[in-house]
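Q: Requesting a structural model of the entry that follows:
(one chain, ligands or ions: 1)
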Amino acid sequence: MLKVLPIPALRDNYIWVIHDDHAAAVVDPGEAGPIVAWLADRGMALSAILITHHHGDHVAGVATLVARHGCPVYGPGNEDIVEVSRPVGDGDWVELAAPPARLRVISVPGHTRGHLAYYGQGHLFCGDTLFSCGCGRVFEGTANQMYSSLMRLAALSEDTRVCCAHEYTLANLAFAREVDPSNRELQAWAEEALRLRRAGLPTLPVSLGRELRVNPFLRCHAPELRIAAERWSGGSLQHPSQVFATLREMKNRT
Ligand SMILES: [Zn+2]
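A: Sure, this is the predicted structure:
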């Protein structure tokens with residue numbers, strides 16, 4: 001039976017671990033220490049590392065883990081990550097023998113040029129592209145590209161467990177409630193997320209189905225989000241991608 005869990009790292013990162021109680025794979029190890037300790041406590045081997053993009057808080061632990069475990073490193077072939085030994089791109093599959101897992105690679109440019117997501121076994125490892133009630137900043141791509149990437153993720157099965165790389169949920173919820181104040185499911189999620197954080201628990205993973213109903217960046221087609229964005233920009237916004245670009249700009253300034 002495959003298990004997936006977040007290991008907190010750095011200030012607010014999660015390193016996701018996929019394991020079967022014998023072997024483990026990790027996604028985006030921004031530091032090695034928490035993973036080394038976690039594996040040692042359980043006497044488990046590390047069989048693979050998956051990388052979504054090149055930012056330091058996602059890759060800084062890779063070299064140490066590879067030196068200790070000699071495992072392959074899957075990651076974008078078009079970003080400058082020296083530790084990547086198995087470059088992958090859109091449509092490729094990552095096949096792991098132990099733990100037994102098969103993950104499809106989805107190209108989601110926007111946050112960075114070569115950002116990847118990994119999808120399989122009911123889980124989506126989406127790095128800094130999609131967060132609960134939020135999305136990553138657009139650093140290297142365009143707003144249009146980021147919106148297209150988010151729409152690709154939005155089309156996956158609604159029962160997908162979304163495994164984001166940061167615990168940003170409460171801050172994102174504050175913004176989401178400002179732009180979508182009459183969304184009752186959003187209010188309910190805000191209360192639940194606050195309860196989880198007060199108990200010291202992660203708010204992740206979240207279900208994609210709920211994100212489709214509460215995340216403003218996945219609801220750019222909804223009239224209430226368009227109206228909120230138009231009120232801020234002072235002009236009419238015809239296309240959901242324009243609503244997205246405006247909401248992203250609003251969020252950048254909060
Ligand atoms: Zn990043």
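Q: C-alpha only now, for contacts and for neighbours.
A: Will do.
Q: tell me how far stretch 145-158 is from the chain's mean position?
A: For stretch 145-158, the gap between its own C-alpha mean and the chain's C-alpha mean amounts to 12 Å (Cα atoms, centre = their mean, to the nearest Å).
Q: same question, stretch 151-168
A: Chain-centre distance of stretch 151-168: 7 Å, with Cα atoms, centre = their mean.
Q: Now it: buried residues?
A: Neighbour-count burial for stretch 151-168, counted by 16 or more other Cα atoms under 10 Å, picks out Leu153, Ala154, Thr160, Arg161, Val162, Cys163, Cys164, Ala165, His166, Glu167, Tyr168.
Q: separation between the second one and Ala228?
A: Yep, that's Ala154 we're talking about. Using Cα to Cα, to the nearest Å, Ala154 is found at 21 Å from Ala228.
Q: Tell me the helix or strand right after the host helix or strand of Ser149.
A: In this assignment (DSSP states H and E), Ser149 forms part of helix 143-154. Scanning forward in sequence from helix 143-154, with DSSP H and E defining helices and strands, the next element found is strand 161-164.
Q: Packing partners of that next one?
A: Identification of packing neighbours for strand 161-164 by 3 or more Cα pairs under 8 Å, 6 or more residues apart in numbering; DSSP states H and E yields strand 123-127, strand 206-207.
Q: Dump that strand to PDB, restricted to CA.
A: This file holds the C-alpha atoms of strand 161-164, laid out as PDB (Å, rounded to 0.1, in the frame of the first residue of the first chain):
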ATOM      1  CA  ARG A 161      -5.100  14.700  -3.700                       C
ATOM      2  CA  VAL A 162      -3.200  17.900  -4.400                       C
ATOM      3  CA  CYS A 163       0.300  17.900  -2.800                       C
ATOM      4  CA  CYS A 164       1.600  21.500  -2.900                       C
END
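Q: Out of the helices and strands packed on strand 161-164, which one sits most buried?
A: Across the helices and strands packed on strand 161-164, the average number of neighbours (mean count of other Cα atoms under 10 Å) peaks for strand 123-127, which reaches a mean of 25.
Q: So what touches the helix or strand following it?
A: Past strand 123-127, further along toward the C-terminus, the next helix or strand under DSSP H and E is strand 130-131. Defining contact as Cα atoms under 8 Å, 6 or more residues apart in numbering, one finds that strand 130-131 is touched by Gly136, Leu150, Cys164, Ala165, His166, Tyr168, Thr169.
Q: dump the residue contacts of the closest residue to the last one other than its chain neighbours.
A: The spatial neighbour of Thr169 that comes closest, neighbours along the chain excluded (Cα to Cα, 6 or more residues apart in numbering), is Ser132 at 5.4 Å. The neighbourhood of Ser132, defined by Cα under 8 Å, 6+ apart, consists of Cys164, Tyr168, Thr169, Asn172, Leu204, Val206, Glu211, Asn215.
Q: Counting only strands, which of these make the cut?
A: Among the contacts of Ser132, the members falling in strands (DSSP state E) are Cys164, Val206.
Q: Counting neighbours, what do you get for Thr246?
A: Residues within reach of Thr246, counting by other Cα atoms under 10 Å, total 21.
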